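**Q** Need coordinates for the following:
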Amino acid sequence: MMTVEGIRETLAASQKRSFPFLMTEFGLDLVVHEGVFPPEEFGGWRWATENFPPVQGLDVLEIGCGFGLPSLHLARAGARSVTSVDINARAVANTIENAVRNNISNLKAFESDVFSNVRPKRQFDIIFWNFPSQFAPDGFEYENDLERGIIDAGYTLLRRFLSEGPDWLTNDGRIIMGFGSYARDDILSEIVCQNRLEASILVKGAQQTRTATYRLVQIRKGHEQPRSRFSQSRALTERARGLYPAGVTRVSVGTVPIGKRNDGLSIYAHAGEGARIQDADGNSYVDFHSNFSTLIHGHRHPETVGAIASQLERGTCFGNPTVADIDLAQAICERIPAIERVRFLNSGTEAVMFAIKAARAMTNRTRLAKLEGAFHGTYDWAEVSARNCPENWGADFPNSNPPYSNTPPNVCEEVVVLPLNDTQRSRTIIEQHRSDLACIIVDVLPCAAGMIPLNPDYLAMLQDTARQHGILLISDEVVCFRLGYHGASAARGLEPDFVTLGKVVGGGLPIGVVGGRSATMEAFAPQDSAPVPQGGTFSANALTMAAGRAALTALTVSEIERIDELGNYLRQQAEESAAQAGIAITVQGAGSLFRFHSKQARPLSYREAYHDVAESEALRRLHAGMLERGFYVAAPFWGSISTSMTILHVDDFLDAFRACLREIPDLKRLDRRTAT
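**A** Numbering: from 1, shown residues only. So this is what the prediction gives:
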């Protein structure tokens, strides 16, 4: 920790430079004058400004504005008004000058010792202070105003700030404080408790040099109900509607009817740490969504972040191979019995696409078979009949229905659809088309089809029938890889010709993997005249490779077993709670994955899992109810458990679920309309 003498030496040295000093930050043309917080020491301000949450339409007060960097940026970023104060008159004048230089009119600055000159009864949505976290003992004598801006003797300023600050907050307002590595968490916690406040970390990290760590801490009045604050997500949702079709960037991310309103909004994420995420309004959630099960170790997993940071210093991507891709490839080949060779891609969709292309090339056939309702990405043929419904799914044998409007007719003609878990009918269909089928693609726990585990006899039939007729078997493990240390196919006794991977094995960065036996992977060789040419500008990029290797290393046998036990516990307890409440909710899934159904009994096929309007509405309300209670799951209602979680997270989830069953109006009526 830096001594007071060291701080004084640094401050003195910083003032020996030539002034005024000109600089550009965040598109702002800034001047810094002598006697103001020195540019060499503003790393915390820069980091806080980069990581500050959205302020669209909000009134913001900044304490200790210095030369105005955060205030000016927030004013330009959409704040309704920014009030900047500083005990140093030179700093106030410097901030005003920079506002004029940058034509910023929604900012006012004046001299104030914390709140001393702030108008009484004036209220703000956010009060920000990049706190002078350098500590000095009680009775410390300041030599100048510059020291007052960086040293807090006895933490008296912090105590005063947190005792007075809530009086200047709106009902939904919050204090955001920036802290460096020298902050005393014990003192902060003590003061927060003394003032009956609630504190949580919004985001933490470091500058690129990683020589210092920083945090933004959010503090709110303890009696407030945090689920009622969604102003920033609502404002961002409105902005998105003017930029994206339907207001969203992907069909899997929609809006939810939260906050007791009928118009939906998207919950905009701001930061994540471990099992929790913070949204743009500062609401905190336990994250069972994990970006559609991708983040198996939660957010900012230390080993994964460290691997990314280390690689980032050497470069993000190259037109060359790197040691990082060799390391991840070797880890995958050693871990998954069915994989002897791999190719890296950028998404699960690409992995499935190239597996299908390879199967066609190696069999000299073109057609493929897949399960009704199963989703394997957005390659045309893989997407056929992923959204079958009663109006189009057919009677005895599932129809091959187009995935999008005006799909070329030959796409559906080339896809044979199998009824999920119906062994005899599926065998009959495969036998009927055996001479034309290049491959059967199967997910042993198809999420979109209801996350229904495939029966052992069904899997055995697919395996045996495919081998008998020279059909290649593709195990799609983009989601379900986590079901076993050696992958899902190994855990279920399947011996596929190709395995496709994604999500978990990328460590939170985009990835796709197609792997298989050496003989079948020859579809991608030789390099200059392969039957299936495969490339990609960002395939095997060094950042993803480093992240994936770290994440895979941390996914040990014991950790998989632990989160599998938590998954079993969640599914069992949720079903028991719904039964006790008299509401038809059952839970499918396996291992650390779960999917809720508005059904009396667990569905065993895609058609049993299909939800009508009333059943879908029940799940929609449950989803919104869990969000309002601080638990984030994927719509309509599925999720996963990460290694950052413990049984306490699951118990809290179950408590919130039980509260939803008790408190959501009409849930029983919606869910029980078929019980008469």
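**Q** For my notes, confirm residue 399 occurs in a helix.
**A** No: the assignment for residue 399 is coil, going by DSSP: H, G, I helix; E, B strand; the rest coil, so no helix is present there.
**Q** per-residue pLDDT, the spatially closest residue to residue 277 that is not a sequence neighbour?
**A** Closest residue in space to residue 277, ignoring its immediate chain neighbours: residue 287 at 4.7 Å, by CB to CB, 6 or more residues apart in numbering. Yep, even glycine has a C-beta here, placed from its N, CA and C like the rest. As predicted, residue 287 sits at a pLDDT of 97.
**Q** Kindly report the domain assignment for this protein.
**A** The chain resolves into domains spanning 4-224, 242-296+558-671, 302-554 when parsed by automatic domain parsing.
**Q** for the stretch 151-300 of the chain, which spans come out with low pLDDT?
**A** Low-confidence segments of the stretch 151-300 of the chain, defined by pLDDT under 70, are located at 181-182, 207-212, 223-228, 259-263.
**Q** on that earlier part again, doesn't residue 630 make contact with the residue nearest to residue 277?
**A** No: under the criterion of CB atoms under 8 Å, residue 287 makes no contact with residue 630, lying 10.2 Å away.
**Q** quick one, which of these two is more surrounded?
**A** The neighbour count for residue 287 versus residue 630, taken as other CB atoms under 10 Å, is higher for residue 287 (26 against 16).
**Q** so what's the more buried one bridging to?
**A** In this structure, residue 287 has the following beta-bridge partners (DSSP bridges): residue 632.
**Q** Could you number the chain from 11 rather than 1 from now on?
**A** Happy to do that; since the first residue is 11 now, the last one works out to residue 297.
**Q** got the contact list for it?
**A** 282, 285-287, 305, 308-309, 642, 652 (CB atoms under 8 Å, 6 or more residues apart in numbering).
**Q** returning to what we had before: out of the domains of the chain, which gets nearest to residue 243?
**A** Closest of those to residue 243 is domain 252-306+568-681, at 4.8 Å (criterion: CB to CB).
**Q** circling back: now render the domains of the chain as a markdown table, adding distance to residue 241.
**A** Conversion of these to a markdown table gives the following (distance: least, CB to CB, whole Å):
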| stretch | distance to residue 241 |
| --- | --- |
| domain 14-234 | 7 |
| domain 252-306+568-681 | 6 |
| domain 312-564 | 28 |
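**Q** Going by mean pLDDT, which of those comes out lowest?
**A** Ranked by mean pLDDT, the domains of the chain bottom out at domain 14-234, with a mean of 85.
**Q** what's the next secondary structure element after the lengthiest helix in the chain?
**A** Longest helix in the chain, counting residues (DSSP state H): helix 567-591. Tracing the chain past helix 567-591, the next element assigned as helix or strand by DSSP states H and E is strand 596-600.
**Q** Would you verify that residue 162 is located in a strand?
**A** Yes: the assignment for residue 162 is a strand, going by three-state DSSP.
**Q** Surely it is in contact with residue 142?
**A** Yes: proximity of residue 162 to residue 142 meets the contact threshold set by CB under 8 Å, at 5.0 Å.
**Q** more crowded one of those two?
**A** Neighbours per residue, other CB under 10 Å: of residue 162 and residue 142, the larger number sits with residue 142, 24 against 21.
**Q** tell me the SS of the residue nearest to residue 450 when sequence neighbours are not counted?
**A** Spatial nearest neighbour of residue 450, excluding adjacent residues (CB to CB, 6+ apart): residue 379 at 4.5 Å. What three-state DSSP gives for residue 379 is strand.
**Q** Tell me who's in contact with residue 379.
**A** 425-428, 439-440, 443, 447, 449-451, 481.
**Q** Among those residues, name the ones in strands.
**A** For the contacts of residue 379, membership in strands holds for 425-428, 447, 449-451, with DSSP state E as the criterion.
**Q** Determine which two of those are furthest apart.
**A** Of all pairs drawn from those, the greatest distance, 13.9 Å, lies between 427 and 449 (CB to CB).
**Q** And the helices in the stretch 411-560 of the chain?
**A** 419-423, 433-442, 466-478, 498-501, 528-531, 552-564 (DSSP state H, counting those that start in this stretch).
**Q** Secondary structure element holding the residue nearest the centre of the chain?
**A** For the chain, the residue lying nearest the average C-alpha position, counting by CA atoms, centre = their mean, turns out to be residue 301 (4.4 Å). Taking DSSP H and E as the criterion, residue 301 maps to helix 300-303.
**Q** Which positions in the helix or strand just after that helix come out as buried?
**A** Where DSSP H and E defines the elements, the next helix or strand beyond helix 300-303 is helix 312-322. Residues of helix 312-322 classed as buried: 314-315, 317-318, 321 (neighbour count, 16 or more other CB atoms under 10 Å).
**Q** and those as JSON lines, adding distance to residue 557?
**A** Compiled in JSON lines, the buried residues of helix 312-322 are given as follows (distance: CB to CB, whole Å):
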{"residue": "314", "distance to residue 557": "5"}
{"residue": "315", "distance to residue 557": "8"}
{"residue": "317", "distance to residue 557": "6"}
{"residue": "318", "distance to residue 557": "5"}
{"residue": "321", "distance to residue 557": "8"}
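**Q** Now flag whichever of these is closest to residue 435.
**A** Compare each of the buried residues of helix 312-322 with residue 435 using CB to CB and the shortest gap goes to residue 314, at 44.0 Å.
**Q** Do I have it right that that closest one meets residue 560?
**A** Yes: with contact defined as CB under 8 Å, residue 314 and residue 560 form a contacting pair (4.4 Å).
**Q** Find the residues that touch each one of those two.
**A** With contacts taken as CB under 8 Å, 6+ apart, residue 314 and residue 560 have residue 517 as neighbours in common.
**Q** between the domains of the chain, which one is nearest to residue 244?
**A** In this view, those are compared for proximity to residue 244 by CB to CB, and domain 252-306+568-681 is the closest at 5.0 Å.
**Q** quick one, what contacts residue 141?
**A** Shown in contact with residue 141 (CB under 8 Å, 6+ apart): 162, 168, 187-189, 193.
**Q** thinking again about what came up before, tell me the one of the buried residues of helix 312-322 nearest residue 53?
**A** Taking CB to CB as the measure, residue 53 lies nearest residue 315 of the buried residues of helix 312-322, at 19.2 Å.
**Q** What distance do you get for the closest one to residue 321?
**A** Counting by CB to CB, to the nearest Å, the gap from residue 315 to residue 321 is 11 Å.
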